[in-house]
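In: Everything below, folded, please.
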Amino acid sequence: HQTMFYDKQVWCFSDKYNSSILKNKNTNGLNIIFNGEIYNYKEIKVDLISKWYNFTSNTDTEVILAAYLERGESCVSKFNGMRSFALYDPNKNKLFCSRDRMWQKPFYYFRDWKKFIFSSEIKWILATWIDRILDIDQIHEYLLFHYTPWNKTLIKNIYKLPSASNLIFDLNKNSFSINKYWDIEVDSTKNDNFNNAVDFTDKILNDSVKIRTENSDVPVGTFLSWWLDSSLISALFKKYYKWSEFHTFNVVREDNLSNESKFAKIVADDIWSKHHNVKITGKMVLDNIEMLQKHYCDPIAEAGFIPNYFVSQYAKDFATVILTWDGWDEVFAWYSYYSFLRKFWRLGQIPWIKSMARVLAKLLPISKYQKWFEFLSNAKWSSYDNFFGHTISTFSTKEMDLLLTKKPKKNKEPFGIIKLTKKNFHSFLNQLIYTDQRVLLSECYNVKPDKALMWSSLEGRSPLQDYRLVEFAYTIPDKFKIKWNK
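Out: All right, here's what the predicted structure looks like:
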């Protein structure tokens, strides 16, 4: 984890956890702090060598520096990986920061009129001399979503760099800008032949697993459940793994509810892995819950972070890199609620249903159903953004009024914080998937394993979040996507 501090031309770099700053004579004095992996760096390196760039190492970090010299800030469009970095160019006196497309690696920063501080964890920013002021608006959003969405945190002036974005800080002009370098702008059904779609998915997914496996010079394992996503990744992983022995890991609860070990064992036996069932007890959770809460300094009210931590702590004795299956549900529409949400959204367009819902929302006592009546009762809320907010929120508007003594600033819409509706999208399903990818996946489901794995000195890699696979999924019909018609 790295922290960098800037105050009126004074730079300080933290070497916490033995972090290092790469400074290479062949890269024109550039400095970089880098967190993550570039999976296709060897391919990029070959291209740069053909353009007379010299390299003194076999690292992806040096490739980033050379690619920046060759292409400037647009170099990130060539990178396939999970990463965040900050690159200082002394010749231009600019700081160039960037995050990966799917928000897999964290980048937090603090900025006021005279200071700019960034880190991979909020707690290292808080360790500097900044004012710690809670953002009431974000407490409101946290209670609604279980996490702080988009680019905000619970602390004023501490932000998250959005996914697929570059941050440019010009020190000469003291100017600051954030620009998006990648997005899904339009969906289509151009790949409407089922067999061809299967073949192309297979090709991308195989290469995605391959570049995340073959390029590793340390032991790799996988998290294995009985679901199709983890089973598929584990099977493909075996195909490209160069070591003679590999390990798979499955979580077993003390009460045996949702016990997947029997089915995971079937897959493990089939691929000949060294399989481990990691049992988690109530006592283990109670003994560690306070420590876990402190570690997740950007809190997430989602219980999955608990098994993520314990299985990561166990796996570190057998592997250094873990392949995960995160992203399957959000790329191929595995969530069963998508079909329900489609029908519910259509109900919101019927006038008499809106009128009835408005009456019920006012007359009925507070209940878990009230937020649904609130959604249906107002026609202007019938947009994808606010629809998403109402479907995933924990509390209704009435409950939020009772919980918070200090009220947040009023938005034009109850969930106006999220503005993700894609006007060029033709598919309602793709609207839902896009929103889940940009909010739920990036702000919650990617954060949980990354923090748990990094805390255990492990590196997680997610083949199902390869941007090529994500892009392709938006070009196939809804009927090809899993569970959409079920």
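In: Setting the sequence-adjacent residues aside, check what's closest to Tyr445.
Out: Excluding the flanking residues, the one nearest Tyr445 by CB to CB, 6 or more residues apart in numbering is Asp326, at 5.7 Å. All C-beta spots, glycine's among them, are computed from the backbone N, C-alpha and C.
In: I'd guessed the one you found sits against Asn446; true?
Out: Yes. The criterion here is CB atoms under 8 Å, and Asp326 meets it with Asn446 at 6.3 Å.
In: any shared contact partners between these two?
Out: Common neighbours of Asp326 and Asn446 (criterion: CB atoms under 8 Å, 6 or more residues apart in numbering): 462, 465.
In: gap between Trp129 and Phe110?
Out: The gap separating Trp129 from Phe110 is 11 Å, by CB to CB, to the nearest Å.
In: I meant to write Phe194 there.
Out: 50 Å.
In: Who has more neighbours out of the two?
Out: Legend: neighbour count by other CB atoms under 10 Å for Phe194 and Phe110, higher for Phe110 (22 against 12).
In: ok, what's across the strand from the more buried one?
Out: Ile117, Ile158 (DSSP bridges).
In: Was I right to think it contacts Ile117?
Out: Yes. The criterion here is CB under 8 Å, and Phe110 meets it with Ile117 at 4.4 Å.
In: Now the common contact residues for those two.
Out: Joint contacts of Phe110 and Ile117 (CB under 8 Å, 6+ apart) are 125, 128, 130.
In: And what about the first one, helix, strand or coil?
Out: Going back to what we said before, that points to Ile125. State at Ile125, reduced to three classes by DSSP: H, G, I helix; E, B strand; the rest coil: helix.
In: and Phe249, that one's in a strand?
Out: Yes. Assessed with three-state DSSP, Phe249 lies in a strand.
In: And for Ser163, the neighbour number?
Out: Neighbourhood size, Ser163 [other CB under 10 Å]: 24.
In: Please apply the same query to the one 4 residues further on.
Out: Using other CB under 10 Å as the criterion, Leu167 is surrounded by 22 other residues.
In: OK, contacts around it?
Out: Leu167 sits next to 95-98, 109, 161, 176-178 when contact means CB under 8 Å, 6+ apart.
In: Could you tell me which of those are located in strands?
Out: The strands, defined by DSSP state E, take in 95-98, 109, 176-178 from the contacts of Leu167.
In: Among those residues, which one has the most neighbours?
Out: For these, neighbours tallied by other CB under 10 Å; top is Ser98, 24 neighbours.
In: Could you give the bridge partners of it?
Out: The partner residues for Ser98, given DSSP bridges, come to Phe85, Asn166.
In: Which of the helices and strands in the chain ranks last by mean pLDDT?
Out: Scoring the helices and strands of the chain by mean pLDDT, DSSP states H and E places strand 10-13 at the bottom, with a mean of 40.
In: quick one on the thing from earlier: max pairwise distance over the contacts of Leu167: which two?
Out: Ser98 and Phe176 (14.5 Å; CB to CB).
In: partner strands of the one helix or strand Thr222 maps to, parallel or antiparallel?
Out: For Thr222, the host element (DSSP states H and E) is strand 220-223. Note on strand 220-223: by DSSP bridges, its sheet partners are strand 247-253 (parallel), strand 321-323 (parallel).
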